[in-house]
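Student: Predicted coordinates and the sequence they were generated for:
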Amino acid sequence: MNKKVLRYLVFILLAAVILSIPGVMPNNYYRGLANLSLIYVIVALGLNFIYGYTGYISFAQAAFFGIGAYTTALLGVDHHISFWLALPLSGIMASLFGVLIGIPSLKLTGHYLAMATIGFGIIVQMLMQNWTSFTHGATGVGNIPGISLGGFTISSASQYYYFLLFFVVLSILVTWSIEHSNLGRSFKAVREDEIAAATSGINLTFTKVFSFALSAFFAGIAGGLYASMSAYISPDTFSFDQSIVFFTMVLIGGAGTMLGPVIGAILLTFVPELLRFMKEYYMALFGIGIVLIMIFIPQGIVNVFAKDGQFAEWITAKRTARVESPQKDL
Amino acid sequence: MLKVSNIEVYYGKIRALNSVSLSVKQGEIVTLIGANGAGKTTVLRSISGLQRLEKGKIEFLGKDVSIVPAENLVGMGLAHVPEGRRVFPGLTVYENLEIGATSWRKGKACLSGDLENIYELFPRLKERSKQLAWSLSGGEQQMLAIGRALMARPKLLLLDEPSLGLSPVLVEQVFEVLHKINGQGVTMLLVEQNAFMALDIAHRGYVIENGRIVLTDTASALSNDSKVKEAYLGG
């Protein structure tokens, strides 16, 4: 009974903290940062499907994020299509490209697939920069229409915060229900052993391609939200570097867990800013911090607090090469 | 139930199987014995759809399944316990078993009947149902691999070296359970290097050498065959 009460109290406290963030933040710069971290949470949750659950590396997430952002931006600016129609289209457009990247995953694994996703990301960024007649080129797309909800236009950073929070909660709920479905189990089975998954009746083609499409869909939705919120986008945001950041968010937070990507995305958005007082050394310090985390908690931050430490133990064993990797050849 | 006719399989330019034919009838335990590298595993992989055939035909329950992919064969009633166990190491015993039911399960259909049967055959799995599979011993992992295949409600079970890496006591236990499962109406094709144990529970057997079936007979006849005795049963 006491434990139950305590759990409710913690939950209420956490909700209160989350809801009071815009009020607590000292200025609009930090409010903007909080909003950005929410958008990154959605991308990280998406990447978690492909990396955390299905076990494939994707360095194409910034490209999917960009495809979503450009879809909403170009539909809004050049075709005057409402945000509410453009947003789902952003998700769908990104997931179509996700299917495209998912197909090589049927034949490529490990480093080779990672290379393919890097190549894809670079091509997408090149197109954004150089296909000027379609994408507005390197100068980017400006004057992206904002979001209005039944006559009410979202304008302040605080309003955006609550709006984005809704999408984050929705993404977490979708992740939770997928994790506890047959599909979620199929993802994990593919991650653990593909041959055994196939001999258990799991369709590898469908599972892998769907996982890529789903992770791209999340990134595309996040991109659409990002474009509408910032009103201006340019190709340099959607770089390979950004893909690495997304990947690090999932890894540091705890891949294959539901809350890991959430925590990773928030930390990796705020920590660099908090280190800015270090002036030119701040990125170096940030880098060292990440290396230390990888060495001492390879299983990710959330797994340190996991009630049942088994999964953390297994991930640690795998990441630190204390177990033989499963035979991939037979 | 299963009819394999003249199949040939190549790994690159090397011929791994040379016109292999065999059949398994309803209710039987058939064993395929042979030395390392004779092609035993390749035969099983071909049957379960993991290996492309160059020539030949495989029929299961009267249907041509030569090019049916592995995941669809499971739904037709053919389950494969792959060599080296291949459990899902990062998932719990329960989740491993749950995934075994993928081929027929819709939504959150109840698994308790199937689970009960498996826990009865392998009480150890029940004790360890919440443990991650990588922390199980070799014998327990083999039990889990067999249990997972049974969750698919197979009519025919393909077993690839269930005795591999197990202590003699455990081998005996596993074979006892296989005998029980056969008694529940599951037909089996058993690939083994441990010819002694395999011929003990099987009804019929095939001997494979260099990708070719060289001998077939009832299990008891094979046990008494002088060539088999010399080559596989230690004289």
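Tutor: It's in.
Student: show me where the stretch 51-200 of chain A has helices.
Tutor: Using DSSP state H, counting those that start in this stretch, the helices of the stretch 51-200 of chain A run over A:61-79, A:83-102, A:110-130, A:132-135, A:157-179, A:182-192, A:194-199.
Student: and the longest one, what does it pack onto?
Tutor: Which is helix A:157-179. helix A:2-24, helix A:28-48, helix A:204-230 (3 or more C-beta pairs under 8 Å, 6 or more residues apart in numbering or on different chains; DSSP states H and E). (Each C-beta comes from the backbone N, C-alpha and C, glycine too.)
Student: if we can go back for a sec, now the helices of the stretch 51-200 of chain A as CSV including mean pLDDT?
Tutor: Shown next, in CSV, are those (pLDDT from 0 to 100):
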stretch, mean pLDDT
helix A:61-79, 96
helix A:83-102, 96
helix A:110-130, 93
helix A:132-135, 92
helix A:157-179, 95
helix A:182-192, 94
helix A:194-199, 92
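Student: right, so those helices: which one is the most enclosed?
Tutor: For the helices of the stretch 51-200 of chain A, the largest average neighbour count (mean count of other C-beta atoms under 10 Å in any protein chain shown) is found in helix A:61-79, namely a mean of 26.
Student: And B:S5, its phi and psi?
Tutor: Backbone torsions of B:S5, given as degrees, to the nearest 10, read phi -120, psi 120.
Student: now do the one 4 residues further on
Tutor: Phi and psi for B:V9, reported as degrees, to the nearest 10, are phi -130, psi 140.
Student: Touching, it and B:I47? I think so.
Tutor: No. Between B:V9 and B:I47 there is no contact under C-beta atoms under 8 Å: 10.9 Å.
Student: quick one, which of those two is more surrounded?
Tutor: Set B:V9 next to B:I47 and count neighbours by other C-beta atoms under 10 Å in any protein chain shown: B:I47 wins out with 26 against 22.
Student: so that one makes contact with B:D160?
Tutor: No. Look at B:I47 against B:D160 with C-beta under 8 Å: they stay out of range, at 10.6 Å.
Student: which bits of the stretch 151-300 of chain A sit near chain B?
Tutor: Residues of the stretch 151-300 of chain A found near chain B (C-beta under 8 Å from any C-beta of the partner chain) are A:182, A:185-186, A:188-189, A:191-193, A:195-204, A:256.
Student: Which positions in stretch B:179-187 come out as buried?
Tutor: Within stretch B:179-187, the residues that qualify as buried are B:I181, B:N182, B:V186, B:T187, counting by 16 or more other C-beta atoms under 10 Å in any protein chain shown.
Student: show me what contacts the last one?
Tutor: Taking C-beta atoms under 8 Å, 6 or more residues apart in numbering or on different chains as the definition of contact, the neighbours of B:T187 are B:M1, B:L2, B:V24, B:K25, B:Q26, B:G27, B:E28, B:I29, B:K155, B:L156, B:L157.
Student: Could you point out which residue ranges in the stretch 151-300 of chain A have low pLDDT?
Tutor: Applying pLDDT under 70 to the stretch 151-300 of chain A flags no residue at all.
Student: Between B:I47 and B:D160, which contacts overlap?
Tutor: What both B:I47 and B:D160 touch, as defined by C-beta under 8 Å, 6+ apart, is the set B:H80.
Student: Could you list the residues of chain B in contact with chain A?
Tutor: B:41, B:48, B:50, B:69-71, B:74-75, B:79-84, B:86-92, B:95, B:98-100, B:102-105, B:107, B:131-132, B:134-135, B:148-149, B:152.
Student: at 7 Å instead, please
Tutor: B:48, B:50, B:70-71, B:74-75, B:80, B:82-84, B:86, B:88-91, B:95, B:98-100, B:102-103, B:105, B:132, B:134, B:148, B:152 (C-beta under 7 Å from any C-beta of the partner chain).
Student: ok so, going back, could you dump the helices of the stretch 51-200 of chain A to JSON lines with distance to B:L222?
Tutor: Output for these, formatted as JSON lines (distance: least, C-beta to C-beta, whole Å):
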{"stretch": "helix A:61-79", "distance to B:L222": "58"}
{"stretch": "helix A:83-102", "distance to B:L222": "48"}
{"stretch": "helix A:110-130", "distance to B:L222": "44"}
{"stretch": "helix A:132-135", "distance to B:L222": "72"}
{"stretch": "helix A:157-179", "distance to B:L222": "50"}
{"stretch": "helix A:182-192", "distance to B:L222": "38"}
{"stretch": "helix A:194-199", "distance to B:L222": "28"}
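Student: quick one, which of those is nearest to B:I213?
Tutor: With C-beta to C-beta, the closest approach to B:I213 among the helices of the stretch 51-200 of chain A belongs to helix A:194-199: 23.8 Å.
Student: Only the buried subset of the residues of chain B next to chain A, as a ChimeraX command please.
Tutor: The following ChimeraX line selects those of these that are buried, judged by 16+ other C-beta under 10 Å:
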select /B:48,50,70,71,74,80,82,83,84,86,88,89,90,91,95,98,99,100,102,103,105,132,134,148,152
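Student: Enumerate every residue touching the residue positioned nearest the centre of chain B.
Tutor: Central residue of chain B (C-alpha atoms, centre = their mean): B:L159, 1.2 Å from the mean position. Taking C-beta atoms under 7 Å, 6 or more residues apart in numbering or on different chains, we find B:L159 in contact with B:V81, B:M188, B:L190, B:V191.
Student: nearest to chain A, of these?
Tutor: Of all the contacts of B:L159, chain A sits closest to B:V81, with 8.0 Å by C-beta to the nearest C-beta.
Student: how much space between A:G91 and A:K279?
Tutor: A:G91 sits 40 Å away from A:K279, going by C-beta to C-beta, to the nearest Å.
Student: Pick out the residue of chain A closest to chain B.
Tutor: At 3.1 Å from chain B, A:G201 is the closest residue in chain A, using C-beta to the nearest C-beta.
Student: Leaving out sequence neighbours, find the closest residue to that residue.
Tutor: Of all residues beyond its chain neighbours, the one nearest A:G201 is B:S103 (3.1 Å), with distances taken as C-beta to C-beta, 6 or more residues apart in numbering or on different chains.
Student: Quick one: residues contacting that neighbour.
Tutor: Contacts of B:S103 (C-beta under 7 Å, 6+ apart): A:G201, B:V74, B:G75, B:A152.
Student: mind running it again at 8 Å?
Tutor: A:S200, A:G201, B:E71, B:V74, B:G75, B:A152.
Student: can you put the residues you listed in JSON lines and add distance to B:L166 and secondary structure?
Tutor: Putting the contacts of B:S103 into JSON lines (distance: C-beta to C-beta, whole Å; DSSP: H, G, I helix; E, B strand; the rest coil) gives the following:
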{"residue": "A:S200", "distance to B:L166": "22", "secondary structure": "coil"}
{"residue": "A:G201", "distance to B:L166": "26", "secondary structure": "coil"}
{"residue": "B:E71", "distance to B:L166": "28", "secondary structure": "helix"}
{"residue": "B:V74", "distance to B:L166": "25", "secondary structure": "helix"}
{"residue": "B:G75", "distance to B:L166": "30", "secondary structure": "helix"}
{"residue": "B:A152", "distance to B:L166": "23", "secondary structure": "coil"}
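Student: can I get the buried residues of stretch B:179-187 in CSV with distance to A:A317?
Tutor: Listed next are the buried residues of stretch B:179-187 as CSV, based on distance: C-beta to C-beta, whole Å:
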residue, distance to A:A317
B:I181, 32
B:N182, 37
B:V186, 35
B:T187, 38
